[in-house]
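[1] build the 3D model from these lines:
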Amino acid sequence: MGRKIRVLMAKPGLDGHDRGVKVVARALRDAGMEVIYTGLHQTPQQVVAAAIQEDVDVVGLSILSGAHMTLFPKIRKLLNENDGENILLIGGGTIPQDDLQQLLEEKSADALFTPGTPTDKIVDWIKEHVKVD
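    The predicted model follows:
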């Protein structure tokens, strides 16, 4: 068996609601992934620094604050500038459909999951898109 998929879960910005990110983190752990949760109120720079330091395959953002159109592009840009262009960027939260489509089309995010998405759908997406040795 190969190494475990490594996922960094983050709550960027001022949003203080972390129940959803904890539920997803638990589902990913239960599916055999190694999960690092950075906690609340992380800056984009902190998220990217942790992702690079932890050598993760995926960064998962939970955003309920409405700042998704700023945070996803900023974190994607910082990942690309810091040798993290191969790290998948996914997320979830309250993201309107038009914004969701724009973030995906502009490659600011690789996948987005809205509230109510079954956790096994997130697990399956990650397993399908991350190739581990």
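
[2] helix or strand for the residue nearest the centre of the chain, which one?
    Nearest to the mean C-alpha position of the chain, by C-alpha atoms, centre = their mean, lies Gly60 at 1.2 Å. Secondary structure from DSSP states H and E places Gly60 in strand 58-63.

[3] give me the sheet partners of that strand and which way each runs.
    Sheet pairing here is set by DSSP bridges, and for strand 58-63 it gives strand 6-10 (parallel), strand 88-93 (parallel).

[4] in contact with the residue nearest to Asp55 when sequence neighbours are not counted, which residues are there?
    Distance criterion C-beta to C-beta, 6 or more residues apart in numbering; nearest residue to Asp55, sequence neighbours excluded, is Arg6 at 6.6 Å. Glycine gets a C-beta too; all of them are placed from N, C-alpha and C. Taking C-beta atoms under 8 Å, 6 or more residues apart in numbering as the criterion, Arg6 is in contact with 33-36, 54-58.

[5] and with 10 Å instead?
    Shown in contact with Arg6 (C-beta atoms under 10 Å, 6 or more residues apart in numbering): 33-36, 51, 54-58, 87, 130, 132.

[6] returning to that earlier point: and the strand holding Gly60, C-alpha only, in CSV?
    Below are the C-alpha coordinates for strand 58-63, written out as CSV (Å, rounded to 0.1, in the frame of the first residue of the first chain):
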residue,chain,number,x,y,z
VAL,A,58,-4.8,18.9,-1.2
VAL,A,59,-5.8,22.2,0.5
GLY,A,60,-9.4,22.3,1.5
LEU,A,61,-10.9,25.7,2.4
SER,A,62,-14.1,26.2,4.3
ILE,A,63,-15.5,29.7,3.7
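
[7] ok, then the element right after that strand?
    Next along the chain after strand 58-63, taking DSSP H and E as the criterion, comes helix 68-81.

[8] how about TSV for the strands paired with strand 58-63, with distance to Phe113 and mean pLDDT added?
    Written out in TSV, the entries for the strands paired with strand 58-63 read as follows (distance: least, C-beta to C-beta, whole Å; pLDDT from 0 to 100):
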stretch	distance to Phe113	mean pLDDT
strand 6-10	12	97
strand 88-93	4	96
